[in-house]
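J.: below is the sequence, then the predicted model.
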Amino acid sequence: MLPHHPHRDQIMLENVLSALSNPTRLAVVKELARTGPRSCGSLLPDISKSTLTHHWRALRDAGVVWQQPSGRENILTLRHEDLDARFPGLLDKIIEVAGS
């Protein structure tokens, strides 16, 4: 099954805000903004695989991240450019307000 990645023009503000309203997902986005692309398994090692799948799907379906296969893992990449094109400065402001 191929994951759903909305096109840039399909990214909706309410979906982005809903995805980022969860503290776990917000922490993932802050980490991706800080470090760049990461394997899914390296971000939250103490959380069950099924819970991680739920979080990745929420972020991916909202258009916040790209999830791409790489060997036996998936790599998460923040869609910073797409989000800035749709909602200029929003992601940076959310990350700034959320602290480091």
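T.: All right, it came through fine. All of these numbers come straight from a predicted model, not from anything done at the bench.

J.: after the lowest-mean-pLDDT helix or strand in the chain, next one along is what?
T.: Ranked by mean pLDDT, DSSP states H and E, the weakest helix or strand in the chain is helix 40-43, scoring a mean of 88. Scanning forward in sequence from helix 40-43 by DSSP states H and E, the next helix or strand is helix 49-62.

J.: the helix or strand just after that next one: how far from the chain's middle?
T.: Going down the chain from helix 49-62, the next helix or strand is strand 65-70, by DSSP H and E. Relative to its chain's centre, strand 65-70 lies at 10 Å (CA atoms, centre = their mean, to the nearest Å).

J.: repeat for stretch 7-26
T.: 8 Å.

J.: equivalent analysis for stretch 44-59, please.
T.: That offset, for stretch 44-59, works out to 11 Å (CA atoms, centre = their mean).

J.: hmm, who's touching it?
T.: Residues outside stretch 44-59 that contact it (CB atoms under 8 Å, 6 or more residues apart in numbering): 3, 18-19, 22, 24-25, 28-29, 40-41, 43, 65, 67, 74, 76. Quick note: C-beta positions are derived from backbone N, CA and C, even for glycine.

J.: for the record, mean pLDDT for that stretch?
T.: The average pLDDT within stretch 44-59 is 90.

J.: any buried residues in it, and which?
T.: 44, 52, 55-56, 58-59 (16 or more other CB atoms under 10 Å).
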